[in-house]
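Participant: Take this sequence and fold it.
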Amino acid sequence: MEQPAPYARISNGFLVSQVFFGLATSLFDMYYALHLQQVGIGPAGVGQIFSVGFIVMAVVVLPLSAVTDRFGLEPSMVVSSVGFGLTMLVMPLFDGFAAQLLLFAVNSVAAAMMLVSVNAVVGASIPDEQRRLSLFRHGFVAFLAASAAGNLLGVGLAAFGEAATGDYRFELLLSGALALLIGAARAMMWQRGTVRSAPAGGTMRALRDAVRDHGARLGELLLLAGLVGGAGVLAIRFVPLLVVNHLGLDEQWLGWVLVADRVASVVGIFVLFPLMHRGGVFRVAGWGMCAALLFQGLGAAATGAALFLLWYLLRQGSHYAQMPVLDHTANLLAPTGARAFVNGVQRMGIFVGSAVASLAYGALMDHGAYRTAIVLSGALSFLAGLLYLRRARAERRVPVAVEQAVSR
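Facilitator: This is a model prediction of the structure:
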């Protein structure tokens, strides 16, 4: 059953794990697509690998969420985090398309359970809405700051890795080693002798209650998360190809672009969250996502790298400011005994949207249509913004507890 947990232990473990998550994934995202391209897998193949990974996550996330609710949030969180790190460590040891497809799919299974379970542990351990939303916000800031540090590390290691091995394996192996530390940090969040789980038969009852009481909201959450995932995966997975192939910059410039990306995302959170306190969480998040279409359109029309990067960074700031709101929204709907399931609905939306968009972006870039891919990402952001604004109009005003939380 859910029990209160010391806030300091949960928050410290969560924030430390977010630091390792940011360090590991920033190096991986910086070099994995380039590594695949270097071993003979083109943009379309890269898109297929990413798409299969997201499809696997979408298929397994709800069954894994139900298993997580039943057998324990904390064990699932730690085991999946360790599995995530191990698969990242093994991936650069293989070159073939089939091997990469299989390993990325296995990594995606671990990632699906990890992402759902850690959010569920935070939600179950911190019932106070103010503290929970505040921790999600600080978690994103820790992740983004660590990502910037990881990209700086990537810039410094680029020449060394290429000179030593002839490719990007060194950087990817380092990212895998850092990913293993995520599990160690997540173990800090597990209070000895405490396992949050639903009693026998309780999981299905909780699932039925969640669907019955919040069916329409869950459907809206699924759609919103799908649009956010589809819009965001361009920056997460394909920006190395955009920077190197479309803008013609080298890998060291790519590292600096990714550092600026993380800084802009942190600035966006700190600028828009105070505005959310005044204008409403969902309203400000909605207008920020709608503005992303303008930024992406201007970026696609830009004739130089500097102008493109200006509009791209503004888009990143508006996108990441709404991510803590999306996580918090899922936990607002999550009842005891089905917390991982509701977080799984959100993640399923992100994974499905990312899978479909990855295929589209990969196919467009394979034909040189980089500008079209950028505009498509902006259009998905705009649709997500409309859903946020619809939520804001439906509620008319955000609960006071949530408003206070964004000001913390």
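
Participant: so where do the helices sit in the stretch 251-400 of the chain?
Facilitator: Shown for the stretch 251-400 of the chain, the helices assigned by DSSP state H, counting those that start in this stretch span residues 251-279, 281-301, 305-321, 323-332, 339-366, 370-395, 400-406.

Participant: Tell me what angle the fourth one forms with helix 370-395.
Facilitator: Translated: helix 323-332. Between the axes of helix 323-332 and helix 370-395, defined by axes from the mean of the first three to the mean of the last three C-alpha atoms, to 10 degrees, the angle is 50 degrees.

Participant: In contact with residue 354, which residues?
Facilitator: Residue 354 makes contacts with 50, 54, 229, 230, 232, 233, as judged by C-beta atoms under 8 Å, 6 or more residues apart in numbering. Where you see a C-beta, it was placed from the backbone N, CA and C, and this is true even at glycine.

Participant: if I look at it, how far off is residue 229?
Facilitator: Applying C-beta to C-beta, to the nearest Å, the value for residue 354 to residue 229 is 4 Å.

Participant: Surely residue 175 and residue 28 touch.
Facilitator: Yes - between residue 175 and residue 28 there is a contact under C-beta atoms under 8 Å: 4.3 Å.

Participant: which residues are common contacts for these two?
Facilitator: Counting by C-beta under 8 Å, 6+ apart, the residues touching both residue 175 and residue 28 are residue 88.

Participant: between those two, who's got more neighbours?
Facilitator: Between residue 175 and residue 28, residue 175 has the larger neighbour count (other C-beta atoms under 10 Å), namely 28 against 24.

Participant: Quick check: chain neighbours aside, which residue is closest to residue 332?
Facilitator: Distance criterion C-beta to C-beta, 6 or more residues apart in numbering; nearest residue to residue 332, sequence neighbours excluded, is residue 129 at 7.5 Å.

Participant: I'd assumed residue 231 was in contact with residue 384.
Facilitator: Yes - applying C-beta under 8 Å as the test, residue 384 and residue 231 come out as touching, 6.3 Å apart.

Participant: Mind listing the shared neighbours of these two?
Facilitator: Joint contacts of residue 384 and residue 231 (C-beta under 8 Å, 6+ apart) are residue 289.

Participant: Roughly how far does the residue nearest to residue 332 sit from residue 65?
Facilitator: 22 Å.

Participant: now swap in residue 49 and tell me
Facilitator: The gap separating residue 49 from residue 65 is 24 Å, by C-beta to C-beta.

Participant: gap between stretch 54-70 and the chain center?
Facilitator: 16 Å (C-alpha atoms, centre = their mean, to the nearest Å).

Participant: Actually, stretch 261-269.
Facilitator: Distance, centroid of stretch 261-269 to centroid of chain: 14 Å (C-alpha atoms, centre = their mean).

Participant: now what about it, what contacts it?
Facilitator: Against stretch 261-269 from outside (C-beta under 8 Å, 6+ apart): 26, 137, 140-141, 144-145, 147-148, 151, 235, 239, 288, 312-314, 316-321, 324.

Participant: again, 6 Å this time
Facilitator: The contact list for stretch 261-269 (C-beta atoms under 6 Å, 6 or more residues apart in numbering) reads 141, 144, 147, 148, 313, 316, 317, 318, 320, 321.

Participant: same deal with stretch 62-70?
Facilitator: Outside stretch 62-70, the residues that reach it (C-beta under 6 Å, 6+ apart) are 76, 112, 113, 116, 117, 198, 203, 340, 341, 344, 348.

Participant: Just the CA trace of it, in CSV.
Facilitator: The C-alpha trace of stretch 62-70 is given here as CSV (Å, rounded to 0.1, in the frame of the first residue of the first chain):
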residue,chain,number,x,y,z
LEU,A,62,0.6,-0.3,-20.0
PRO,A,63,1.1,-4.0,-19.2
LEU,A,64,4.4,-3.1,-17.5
SER,A,65,2.6,-0.3,-15.6
ALA,A,66,0.0,-2.8,-14.3
VAL,A,67,2.8,-5.2,-13.3
THR,A,68,4.6,-2.3,-11.6
ASP,A,69,1.5,-1.3,-9.6
ARG,A,70,1.0,-4.9,-8.5
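
Participant: buried ones in that stretch?
Facilitator: For stretch 62-70, the neighbour count (16 or more other C-beta atoms under 10 Å) marks 62, 64, 65, 66, 67, 68, 69, 70 as buried.
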